[in-house]
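Participant: Starting from these lines, generate the structure:
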Amino acid sequence: MISTMEIGQVSTRREYRPDNWCWDGQSKSSDVQLSSNHLAAYFHIDPVEDSTGTAGVRGTQGFNEGEYYWEVIFTEPAFGTSVMVGVGTQKALLHTNNYQYIDMLGMDDQSWGLSYKGTVWHNGTCRQYCEPFYENNTNIGILLNLYAGTLTFFKNGINLGVAFKDLHQGGEELYPLACSTAAETELELGERSSRKLRLQDKCYAAILQSMGLNDNDIDILPLPNTMKHDLKKDRHNASYNAAGCY
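Facilitator: Residues are numbered from 1 along each chain as shown. Modelled structure (predicted):
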């Protein structure tokens, strides 16, 4: 379960089911073209006019509960002011012109983004999060955990750690986003999957959150041993999830 992975571990996605969303042809900049299956997005490909700003595209599915994982493949080496992936609300900006080359994902409180330069952005502020990635076919995984309210990125299957927390506090649906300032950028969707907790898992989470239990506290609860074991496992997993929070 990737939501409980430690930094540096390779991701695995047991219990996740495939999703079929794609890039939204109705929610994109005019400087973005989509492949016929809407899995690949091409930015600033006009043969006559170069890029005049920042272009973005949104996914077709919004998320408000559950854990969601998807991959964006940088099929060509990233360059220029900004090429980003992340999430945002329906209010997140998808286009600038007049030669405004900006890190658009995270420019305000409506989106959260990772730049190919290794910085993460939200509400107009940034910090260094990982090493830059310039290689073609770099695979960036995005894990949005709306139970924990965290956003985690992966590079070629390796967990880079939690980048943001408290994403569930706004109450609005969050959508996959991508943007670029650079001519002929190509970003292609790879794996897309998700899972929702069982009622039992939600109960475990509510117990841990409301009582702040440690292992000794769990041992004295009037519960079957199998449930105590599961509670301890969930508590340990939650501590991994919190490591490196922004």
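
Participant: Which helix or strand contains residue 229?
Facilitator: helix 225-242 (DSSP states H and E).

Participant: quick check: mean pLDDT across that helix?
Facilitator: Taken as a whole, helix 225-242 carries a mean pLDDT of 70.

Participant: now swap in stretch 136-146 and tell me
Facilitator: 97.

Participant: Now do the buried residues in that stretch.
Facilitator: Neighbour counts over stretch 136-146 (16 or more other CB atoms under 10 Å) mark 138, 139, 140, 141, 142, 143, 144, 145, 146 as buried. To be clear about C-beta, it is placed using only N, CA and C from the backbone, and glycine gets the same treatment.

Participant: now stretch 190-201
Facilitator: Judged by neighbour count (16+ other CB under 10 Å), stretch 190-201 contains these buried residues: 192, 193, 194, 195.

Participant: Also stretch 56-67?
Facilitator: 56, 57, 58, 59, 61, 63, 67.

Participant: Check stretch 220-230 too.
Facilitator: Going by neighbour count (16+ other CB under 10 Å), the buried part of stretch 220-230 is residue 230.

Participant: circling back: which entry within the buried residues of stretch 190-201 corresponds to the minimum pLDDT?
Facilitator: residue 195 (91).

Participant: pretty sure that one contacts residue 63?
Facilitator: No. Look at residue 195 against residue 63 with CB atoms under 8 Å: they stay out of range, at 11.9 Å.

Participant: Low-confidence stretches in the protein?
Facilitator: Along the chain, the parts satisfying pLDDT under 70 run over 1-14, 211-213, 237-246.

Participant: mind checking the longest strand of it?
Facilitator: Longest among the strand segments of the chain by residue count, using DSSP state E, is strand 185-195.

Participant: any idea of the angle the helix or strand encompassing residue 175 forms with strand 185-195?
Facilitator: Taking DSSP H and E as the criterion, residue 175 maps to strand 175-180. Angle, strand 175-180 to strand 185-195, by axes from the mean of the first three to the mean of the last three CA atoms, to 10 degrees: 160 degrees.

Participant: Can you give the distance of strand 175-180 from its chain's centre?
Facilitator: 10 Å (CA atoms, centre = their mean, to the nearest Å).
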